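**Student:** I'll drop the sequence and a predicted model, then ask my questions.
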Amino acid sequence: MSRLFKKYEEVLPIRVIDDIKDNIPDKITDARLKQILDKAVLQYESMKVMPGESVGIVGAESIGEPGTQMTLNTFHFAGVAEMNVTMGLPRIIEILDGKKNIQTPMMEIYLKKPYSQGKDIKKIALSIKETKLDEIVLEIMVNIAESKIELVFDEQKIESIGTDYSIIQKAIKSSFKNLAISKKGNVISLKMSEKEKEINELFKTKEKIKDIYIQGVKGIKQVLPIKKDGEFLIVTAGTNMKKVMELDYVDKTRIMSNDIFEIANIFGIEAARQAVINEVYKVIQNQGLNVDIRHLMLVSDTMCASGTIKGVTRYGVVKEKASVLARASFETPIKHIFNASQIGEIDNLSSVVENVMLNQPVPVGTGLPGLITKVKRD
Amino acid sequence: MSEVYLNGKFVGKIENPFEFVDKVKEERRKGILNSNINIYYNKRMNDVIINDDKGRLRRPLIVVKNGKPLLTEEHIKKLQKNEISFSNLVKQGVIEYLDALEEENTFVAFSKEYLTPEHTHMELTPLVMVGLCTSLVPYANFSPGARVSIGSKNQKQALGMYAVNFPIRMDMDVNILQTPQIPIVQSVMHEVSGYNKHPSGQNLVVAVMSYKGYNVDDAVVINKASIDRGMARSTYYRPAIAEELRYSGGLTDEISVPDKDVKGYKSENDYRFLEKDGIITPESNVAEGDVIIGKTSPPRFLSSMDQYNLAPSSRRESSMALKHGEQGIIDFVMITESSEGNRLVEVKIRDQRIPEIGDKFTSRHGQKGIVGLIVDQADMPFTASGITPDLIFSPHGIPSRMTISHLIELIGGKAGALSSRYIDGTIFDSEPEENIRKELTSLGFRENGTETMYNGITGEQFQVKIFVGNIYYMKLKHMVANKIHSRARGPIQLLTRQPTEGRAKEGGLRLGEMEKDTFIAHGASLLLKERFDADKTIVPVCESCGMVAVHDKFKNRLFCPVCGDNVEINFIEVSYAFKLLLDELKSLTVHPKLMLKNKY
């Protein structure tokens, strides 16, 4: 049997063969299996794109046309805890343009066993969230006469995020070495040294103190524990996959981010390629539209082909085009033509746009085949 | 303490705002204060706001006291006898005008039946709640607001008679309906506004049914015999204007039959309608290309030498001729003077517009549609009494739009036509549907307006009863004759050698960028090339420098302006637009070099 499979490995992709292996009954005759494999080959060949099919434009039209029907404003449900996520057309533009800083970076953090059932879920969530001193302080008083800053803390908050005064004091000390720190009840007072007695300096320090990092993962601005399919997970606003994956209660195999560049940096370009497909497909599904995923695969392949993510813009994918005329026909024509003229670029007229400009048959479909035989010239 | 503002300016404070406001109103009604004053108490802000400046929209209401309107039967009797007028009632404080602010403090009753002691005012009539155009929609309160407003908007585009002196006016783009009728179902506003003196539609017999699929998607089918009898015929008038302009150097245009040696002389045949003065004879039947006003202009560029030139420099032809696709009859000719004192000739061209497929028609209920088919009377369905409808309307237009008023008008129109009377369809105050139903029964018809009808082609009786009656239909100003356009070949632009754009210039229909993409997506690349062949050219290219060379056809000589004539020059076929691109690149100091090689 395995000999038969081996033979078909040349004509069928491994994944298809594996699929067949998984789905055939244990007892099967070689003749019957051959029949199945032959049928699979036939099916596989019929699904192949024909040579000369303009997959790019078909893909562009297949994504672009439903895109015109997309509604800009998604509905919001009152009373339901949800995060504001960029969806719809703006999100698609963001992904396909290869924007480095996306509008709403988000993570889905799956947890390991006892925690995924809801153990300490709130505590874990809060400990992931980046907390700054400002958030646990009730009041900041500035004593000008004694050049002193007094911080009144919210004890409840301190408890709920699971920290204590010593950590806070340490955090302040590490960022402001020249302040004399003393604690009295829930008040921490900071006295400035004699040298910097100016009022200006005092207020500047006050503002800086607010930004002192206390605990949590940097970049996580908001956390929301939710239950999905009988399992607790944490949805965050803001991403920092690297740091979150270092935490031991996090299920590293399932963590998700919607920041494609972050994925590319941590998991590599193949993961990013899949992320582009997933993110775009999510939006399209969300809008109730029907686009074949293979069109998105093509776009994603194009964007990731160079090893880094390139947006579909004049700085990304379009810049890579071989033809000057094709680049010039997209955006900023004069720039492209000048640059081409400086290095004496040659346009081989091998793609579509250039040939439309020259009124020549475009090399797709019926325009693709040519004579192989050399015609004798007289 | 409440603050008082007069026309937006603070004027003082008062202790008891209610008392103050009531007093002002009382004195205004008595006529002690001017009736233009409006006063408003804002409870939340505790402010009294008085306005008497201009620019406030105000509307009249009947004053109500203790649940009783101040307007009595006595007033009405006196009004009818012309003993008092409306303004008398305003002076007496029976009717007062409120602005938007004062209305906030009032409680207005819809009509007398709804009056309670709390009410402060009452509507003169519910009709005043809608505007002029909307009040012309009969039974409007039976249809959704959106449809009523579409209906009132459509009426503005209806053909009628816009001015009684239209025969002597010179307006652009005029349409006159030839046989307008007063609507059978009308509102009081039709009489009040004078609509009945210049109506803009006709009462048609309408059958609500489908006809061989020619009235799907809002189309209507109309009866050819009705058109032959003059239904919805209109006349289209358009002026042609020519002015004898003056130019520097004492030169002027001249309105006359152009001499044959004039530059751009058309052909003798084109000038055949012109009289000696160069102006066309009234009532001549003109078509495309015919000259209406003969005119010549002085040469465009007069060089300094020309003044001493013995030969008379030839003048340019600049006549007014009918453009592509135009036709008509010359209605009348007017010769006058422009504001600059130049001789001005205006000619009015008339053209009869007989309804054709594609013309737009509408009832008054937002049920517009275009003619999908014109059917011989013989093929039209007919009723037992032998009536054939003028127009067949599809029933599928009704459920989604919910224009019940359209249906009520149909039976109203039927009852009105049969009993030779007008039906009152005033909004909120119309003749009840039951009345119409009863009347139809008494006239021997089915009360719901349906009738047995027979297929005009086969003669078979239809399985269902057909809803048939009279509806006031209007022909709208959008007619195919003004919009139809096609081109296979025609004028091209000078610069790009591509077809011109637009109907007026007999232009092509652009196959744009996205349309181009669909050709590529289909892989039809040779078809795409053919579509873009409109501006293809053969260009000689110098193989040495790669630039466009010169082909001197007179001497049959090929040479390159850069490399001379001892170089190989070959011809290539490219779009003219690309040749232009090369030229533009050269002007950008970029040297575009074409490297030729044999394709095969």
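**Tutor:** Good, I have the coordinates. Nothing here was measured: the structure is a model prediction, and the numbers come from that model. Numbers count the residues shown, from 1 in each chain, chains lettered A, B, ... in the order given.

**Student:** pLDDT of the lengthiest strand in chain B, averaged?
**Tutor:** Of all the segments assigned as strand in chain B under DSSP state E, the longest by residue count is strand B:461-475. Per-residue pLDDT over strand B:461-475 has a mean of 96.

**Student:** and what of stretch B:201-217?
**Tutor:** Per-residue confidence for stretch B:201-217 averages out to 95 on the pLDDT scale.

**Student:** distance check, whichever residue of chain A sits closest to chain B against A:Val299.
**Tutor:** Using Cβ to the nearest Cβ, the closest approach of chain A to chain B is made by A:Gly365 at 1.9 Å. All C-beta spots, glycine's among them, are computed from the backbone N, C-alpha and C. The spacing between A:Gly365 and A:Val299, counted by Cβ to Cβ, to the nearest Å, is 21 Å.

**Student:** mind giving me the packing neighbours of the one helix or strand B:Arg531 maps to?
**Tutor:** Secondary-structure element containing B:Arg531, defined by DSSP states H and E: helix B:525-531. Using 3 or more Cβ pairs under 8 Å, 6 or more residues apart in numbering or on different chains; DSSP states H and E as the contact test, the elements touching helix B:525-531 are helix B:513-521.

**Student:** in the helix it packs on, what counts as buried?
**Tutor:** Using 16 or more other Cβ atoms under 10 Å in any protein chain shown as the test for burial, helix B:513-521 gives B:Lys516, B:Asp517, B:Phe519, B:Ile520, B:Ala521.

**Student:** ok, now which ones touch B:Ile39?
**Tutor:** Contacts were defined as Cβ atoms under 8 Å, 6 or more residues apart in numbering or on different chains; by that measure B:Ile39 touches B:Val21, B:Val24, B:Lys25, B:Arg28, B:Val48, B:Ile49, B:Ile50, B:Asn51, B:Glu102.

**Student:** let's see the pLDDT reported for A:Gln43.
**Tutor:** A:Gln43 carries a pLDDT value of 92.

**Student:** for it, the count of nearby residues, please.
**Tutor:** The number of residues packed near A:Gln43 is 11, by other Cβ atoms under 10 Å in any protein chain shown.

**Student:** please list all residues in contact with the residue in chain B that chain A sits nearest to.
**Tutor:** For chain B, the residue closest to chain A is B:Gly523, as judged by Cβ to the nearest Cβ, at 1.9 Å. The contact partners of B:Gly523, by Cβ under 8 Å, 6+ apart, come to A:Gly52, A:Glu53, A:Ser54, A:Val364, A:Gly365, A:Thr366, A:Gly367, A:Leu368.

**Student:** let's see that with 7 Å instead.
**Tutor:** Contacts for B:Gly523 (Cβ atoms under 7 Å, 6 or more residues apart in numbering or on different chains) come out as A:Gly52, A:Glu53, A:Ser54, A:Val364, A:Gly365, A:Thr366.

**Student:** mean confidence for the next helix or strand after the helix holding B:Arg531?
**Tutor:** As assigned by DSSP H and E, the chain's next helix or strand after helix B:525-531 is strand B:536-542. For strand B:536-542, the mean pLDDT works out to 94.

**Student:** mind saving the C-alpha coords of strand B:536-542 as CSV?
**Tutor:** What follows is strand B:536-542 as a C-alpha-only set of coordinates in CSV (Å, rounded to 0.1, in the frame of the first residue of the first chain):
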residue,chain,number,x,y,z
LYS,B,536,-3.2,53.8,-32.5
THR,B,537,-0.6,55.2,-34.7
ILE,B,538,2.4,54.2,-36.8
VAL,B,539,5.5,55.9,-35.6
PRO,B,540,9.0,55.8,-37.2
VAL,B,541,11.7,55.1,-34.6
CYS,B,542,15.4,55.7,-35.0
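
**Student:** mind listing what's buried along it?
**Tutor:** Those buried within strand B:536-542 under the rule 16+ other Cβ under 10 Å are B:Lys536, B:Val539, B:Val541, B:Cys542.

**Student:** distance to chain A for these - can I get that in a markdown table?
**Tutor:** As requested, the buried residues of strand B:536-542 are exported to a markdown table (distance: Cβ to the nearest Cβ, whole Å):
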| residue | distance to chain A |
| --- | --- |
| B:Lys536 | 5 |
| B:Val539 | 11 |
| B:Val541 | 12 |
| B:Cys542 | 17 |
